[in-house]
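A.B. asks: Pasted the sequence and its predicted model underneath.
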Amino acid sequence: MKKESLIVFTVLTLSSSFLYGSQVVTAPLNGSRLKFVAEEGAFVKKGESLFIYSTTSTDARLRAAKAQIAAAEENLKEKESNFTRYNELTKNNAVSAEKLEEIDLSYDEAVYKLAEAKSKILVFQNEKELATLTAPYDCKVLTNVLGANSGTEVGTDVMEIETISDSQQDKDSSAETAEEVNTRILASTMYGGILTYTAKEGKTVKKGEILVKLYNPSVIHTIEALKAGIVFAREKVADKKSKFERYSKLRQNNSTSIENFENMELAYKKAQNEFIDAKLSLEYAEAYNDKIGNLVAPYDCKVEKVIIALGSGTESGTPIMLISSPSDKGPENIGSDTATVTIGGTIDDGFYLTELPKAGEVIKKDSPLAKYVELPVIIEIRRAELALEQAKMEFKDREGDYKRCKYLADKNSNTKENCENSKLEYEIALNALTEAKANLDLAIERKKKTIIRAPFDCKVARVLLIQGSGTTFGTPVMEIEKL
């Protein structure tokens, strides 16, 4: 009796380049225009250009970034001079300590803005370097998917190339090997990732050794900016703490209003949350760059086929190579009366698969079939919790202001205009609180998607990807058979 079948997501299809000696070259840049593409049939030496992007817009952004750095350097000189002058004035009791703190904070902010401007320029410099993609080896251009003046997105197929040494006999042998050996796909984990290293075809790689390296200049920029942001956030916490302690003493002596004290308390808590948020963001960015940029072998394996060429761009789920392992069971011997279901990825860029089943394994309904790394969404939840905590404090403060304003208005001690402004701020804070709650709910729901669960009692027929692979929504991960 034929078993019930169900098709879920898109079934994986392998192009001829997966089987033969050619490689696909994919676009490393997003939104850029190709001004030169090597012609079909052309023989290109290693290091010569396969295609070149127009750099007009990149050059303009570089000039603007350099101007920003120059402006930030001038601003820092001014703030540094002000701080030196006010420091001397404070020593002579010519200005208050509060004023010096204000000048100090503006100096710290100027330091941060300069660091941010310098890190930003790295992106545009790298973008210019990526504008020319050179041949990774002596090769022949087989097919041009795109021509000159075409625009691209990261990971778009531009051309297919083959090594000049490849012969039809090599291709036939490669095809035979691909049919005989059970292989799995290692897919990219990174949108905008540039392929900088792959283990060579035919190489045996030990568990834990690097199979693929990906580089994303935007991630490097983010890390540098976050490091500068942490320095600024730490200084801001110190400043707000000092002011809060001073206002606490003033409040104890009834030398300041409850409103001023609460505002200072809120500012101090906000600064603390911003510092925690900055540290969490840096932790994630560094983990992302390390774990997702270096894809390692989950077990001893052999590289059967490298699918895309060095220098190519990827998005999450882009197939990079095929690997095989003697210990890896292939597809079960499924008869013609057995239908399989393809299970697709449930989450997108920045997540990679940490757990996969073995072929032949029986999985109960709603039990985990596969799991993704949880770190990004755990940090996302923590940041959402911090944002909610801050929104609650802001709402409580604005609610108190609005109630006081209405009370004073009822006694004709406040103007209607002031009450309207207070009401508007209260409503803005209420909307921000609602949004923060919704964002936390979304993050918690996203965490659920880090586990792919069995839709019914099933047997794993074939696992298509390896641990460490990234996916996008619907990327085929495995085939299962309904029991």
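C.D. replies: Good, I have the coordinates. Treat the numbers as computed from the prediction; the structure is a model and nothing was measured. Residues are numbered from 1 along each chain as shown.

A.B. asks: Now the phi/psi pair for Lys77, please.
C.D. replies: As for Lys77, its main-chain torsions (degrees, to the nearest 10) stand at phi -60, psi -40.

A.B. asks: check contacts around it.
C.D. replies: By CB atoms under 8 Å, 6 or more residues apart in numbering, the contact list for Lys77 is empty. Bear in mind the C-beta positions are built from the backbone N, C-alpha and C, glycine included.

A.B. asks: Go again with 10 Å.
C.D. replies: Contacts for Lys77 were tallied using CB atoms under 10 Å, 6 or more residues apart in numbering; they are Ala110.

A.B. asks: Let's see the pLDDT reported for it.
C.D. replies: The model reports Lys77 with a pLDDT of 90.

A.B. asks: And for the residue nearest to Gly400 when sequence neighbours are not counted, the neighbour number?
C.D. replies: Leaving aside its sequence neighbours, Gly400 sits nearest to Glu262 (CB to CB, 6 or more residues apart in numbering; 7.3 Å). By other CB atoms under 10 Å, 17 other residues sit near Glu262.

A.B. asks: where does Lys227 land in three-state SS?
C.D. replies: Under DSSP: H, G, I helix; E, B strand; the rest coil, Lys227 falls in the helix class.

A.B. asks: ok, now how distant is it from Glu420?
C.D. replies: 43 Å (CB to CB, to the nearest Å).

A.B. asks: Which one's more surrounded, these two?
C.D. replies: More crowded of Lys227 and Glu420, by other CB under 10 Å: Lys227, with 15 against 12.

A.B. asks: residues contacting that one?
C.D. replies: Taking CB under 10 Å, 6+ apart as the test, what Lys227 contacts is Ala115, Ser119, Ala278, Leu282, Ala285, Glu286.

A.B. asks: Would you confirm that Glu259 contacts Lys403?
C.D. replies: No - in this structure, Glu259 is not within contact of Lys403 by CB atoms under 10 Å, at 11.9 Å.

A.B. asks: one step back: does the residue nearest to Gly400 touch Tyr247 like I think?
C.D. replies: Yes - using CB under 10 Å as the test, Glu262 is close enough to Tyr247 to be in contact (9.4 Å).

A.B. asks: gap between the helix or strand hosting Gln272 and the chain center?
C.D. replies: Assigned by DSSP states H and E, Gln272 belongs to helix 258-287. When C-alpha coordinates are averaged (CA atoms, centre = their mean, to the nearest Å), helix 258-287 and its chain have centres 23 Å apart.

A.B. asks: What helices and strands are in contact with that helix?
C.D. replies: Helix 258-287 sits against helix 217-252, helix 375-410, with contacts defined as 3 or more CB pairs under 10 Å, 6 or more residues apart in numbering; DSSP states H and E.

A.B. asks: any idea which helix or strand comes after the last one?
C.D. replies: So the one you mean is helix 375-410. With DSSP H and E, the next secondary element past helix 375-410 is helix 416-448.

A.B. asks: Sort out which residues of that following helix are buried, please.
C.D. replies: Counting neighbours by 16 or more other CB atoms under 10 Å, one finds that the buried residues in helix 416-448 are 419, 422, 425-426, 429-430, 432-433, 436, 439-440, 443, 446-447.

A.B. asks: Mind giving me the packing neighbours of it?
C.D. replies: For helix 416-448, the packing partners by 3+ CB pairs under 10 Å, 6+ apart come out as helix 375-410.

A.B. asks: State the mean pLDDT of the helix it packs on.
C.D. replies: Mean predicted confidence for helix 375-410 is 84.

A.B. asks: okay, now the domains of this structure?
C.D. replies: 55-130, 377-444 (automatic domain parsing).

A.B. asks: Kindly reformat those as TSV and extend each row with distance to Met478.
C.D. replies: What follows is these, written out as TSV (distance: least, CB to CB, whole Å):
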stretch	distance to Met478
domain 55-130	34
domain 377-444	22
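
A.B. asks: how about the ones you listed, which one is nearest Ile194?
C.D. replies: Taking CB to CB, domain 55-130 is the member of these nearest to Ile194, at 6.5 Å.

A.B. asks: distance between the closest one and the chain's centre?
C.D. replies: Worked out by CA atoms, centre = their mean, domain 55-130 lies 27 Å from the chain centre.

A.B. asks: do you know how far the closest residue to Lys118 other than its chain neighbours is from Arg63?
C.D. replies: Spatial nearest neighbour of Lys118, chain neighbours left out: Ile69 (6.0 Å); criterion: CB to CB, 6+ apart. Computed as CB to CB, the Ile69 to Arg63 distance reads 11 Å.

A.B. asks: Ser248 too?
C.D. replies: From Ser248 to Arg63 the distance is 50 Å (CB to CB).

A.B. asks: Between those two, which is the more surrounded one?
C.D. replies: Ser248 (14 against 11).

A.B. asks: Now the more buried one: closest residue in space, sequence neighbours ignored.
C.D. replies: Ser248's closest residue in space is Phe261 (CB to CB, 6+ apart), at 7.2 Å.

A.B. asks: What's the local residue count around that neighbour?
C.D. replies: Number of residues near Phe261 (other CB under 10 Å) recorded here: 16.

A.B. asks: That one contacts Arg251, correct?
C.D. replies: Yes - contact criterion CB under 10 Å: Phe261 and Arg251 qualify, at 4.4 Å.

A.B. asks: Spit out the contact partners of the nearest residue to Leu146 once chain neighbours are set aside.
C.D. replies: Computed as CB to CB, 6+ apart, the closest residue to Leu146 that is not its neighbour in sequence is Val158, at 5.1 Å. Contact analysis of Val158 by CB under 10 Å, 6+ apart lists 24-28, 34, 37-38, 50-51, 133, 143-147, 150, 152, 309, 312-313.

A.B. asks: These in strands, which ones?
C.D. replies: Using DSSP state E, Val24, Val25, Thr26, Leu34, Val37, Leu50, Phe51, Leu133, Thr143, Asn144, Gly313 are the members of the contacts of Val158 that sit in strands.

A.B. asks: Please read off the pLDDT at Pro455 from the model.
C.D. replies: Per-residue confidence (pLDDT) for Pro455: 90.

A.B. asks: So it belongs to a helix, correct?
C.D. replies: No - counting by three-state DSSP, Pro455 is not found in a helix; it is coil.

A.B. asks: so what pLDDT did Thr26 get?
C.D. replies: In this model, Thr26 carries a pLDDT of 84.

A.B. asks: quick one: it and Ile161 touch, right?
C.D. replies: No - assessed by CB under 10 Å, Thr26 is found out of contact with Ile161, at 11.5 Å.

A.B. asks: Give me the common contacts of those two.
C.D. replies: Joint contacts of Thr26 and Ile161 (CB under 10 Å, 6+ apart) are Ala309.

A.B. asks: Point out where the stretch 51-200 of the chain drops to low pLDDT.
C.D. replies: The model of the stretch 51-200 of the chain has pLDDT under 70 over residues 165-182.

A.B. asks: Just the strands from it, written as ranges.
C.D. replies: Assigned by DSSP state E, counting those that start in this stretch, the strands in the stretch 51-200 of the chain fall at 132-134, 139-144, 157-163, 184-187, 193-198.

A.B. asks: Pull the distance from the fourth one to the chain's centre.
C.D. replies: In this case it means strand 184-187. The chain centre lies 20 Å from the centre of strand 184-187; the measure is CA atoms, centre = their mean.

A.B. asks: before we move on, what about the last one?
C.D. replies: Averaged C-alpha coordinates place strand 193-198 at 16 Å from its chain's average position (CA atoms, centre = their mean).
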